[in-house]
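Engineer: I'd like to go over a predicted model; first the sequence, then the structure.
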Amino acid sequence: MIQEVDIETKISAEAFFVSVLEKLTISLDVEYLGNIIFKDIEGFTWMYYNKRNDVLYVSYESIWSIFYKEYTMSHSGVKTLIRNELYKHLKWSVKTLSPTNSGHYTSCKSISRQNFKGY
């Protein structure tokens, strides 16, 4: 069942995700070359791209669950929003997003890494 989200909720949810992206530093993982880390100024990892597995892990607790709780979005609505915002702001096409078993991250399967800002 597809859940409809009103335009105000969608704009607020987009603004939340953009505010997260704006406060993150994107850097290469020096320990595992090719992997990308998205950290805030305090060093908390919000997202982590694993090149070998071609998966972007998104913090469930700090990002994904906010869309459920604060914006009452469906799983598919969250996937679409994250996918669209990553492309709009980072020019990164993401095809598949699915929760991991850990409960702390949600994974985003990347299909292409075009024009990643800063790289």
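Structural biologist: Nice, I can see it. Numbering: from 1, shown residues only.
Engineer: Now do stretch 53-73: distance from first to last residue.
Structural biologist: End-to-end distance of stretch 53-73: 28 Å, with Cα to Cα, to the nearest Å as the criterion.
Engineer: buried set for that stretch?
Structural biologist: 55-60, 62-64, 66-67, 71, 73 (16 or more other Cβ atoms under 10 Å). Glycine gets a C-beta too; all of them are placed from N, C-alpha and C.
Engineer: right, and Ser63 touches Val20 too?
Structural biologist: In this structure residue 63 is Ile, not Ser. Yes. With contact defined as Cβ atoms under 8 Å, Ile63 counts as touching Val20 (6.1 Å).
Engineer: Can you pull the residues that touch both of these two?
Structural biologist: Trp46 (Cβ atoms under 8 Å, 6 or more residues apart in numbering).
Engineer: which of the buried residues of stretch 53-73 sit farthest apart?
Structural biologist: Val55 and Tyr71 (24.3 Å; Cβ to Cβ).
Engineer: could you pull out the strands for this protein?
Structural biologist: Along the chain, counting by DSSP state E, strands occupy 25-28, 36-39, 45-50, 55-59, 92-99, 105-113.
Engineer: any idea which of these scores lowest on pLDDT?
Structural biologist: Mean pLDDT values for the strands of the chain show the minimum at strand 105-113, a mean of 47.
Engineer: Pull the number of nearby residues for Lys79.
Structural biologist: 20 (other Cβ atoms under 10 Å).
Engineer: And the residue nearest the centre of this structure?
Structural biologist: Nearest residue to the geometric centre of the chain (Cα atoms, centre = their mean): Val58, 4.9 Å.
Engineer: how close does Gly43 get to Leu81?
Structural biologist: Using Cβ to Cβ, to the nearest Å, Gly43 is found at 26 Å from Leu81.
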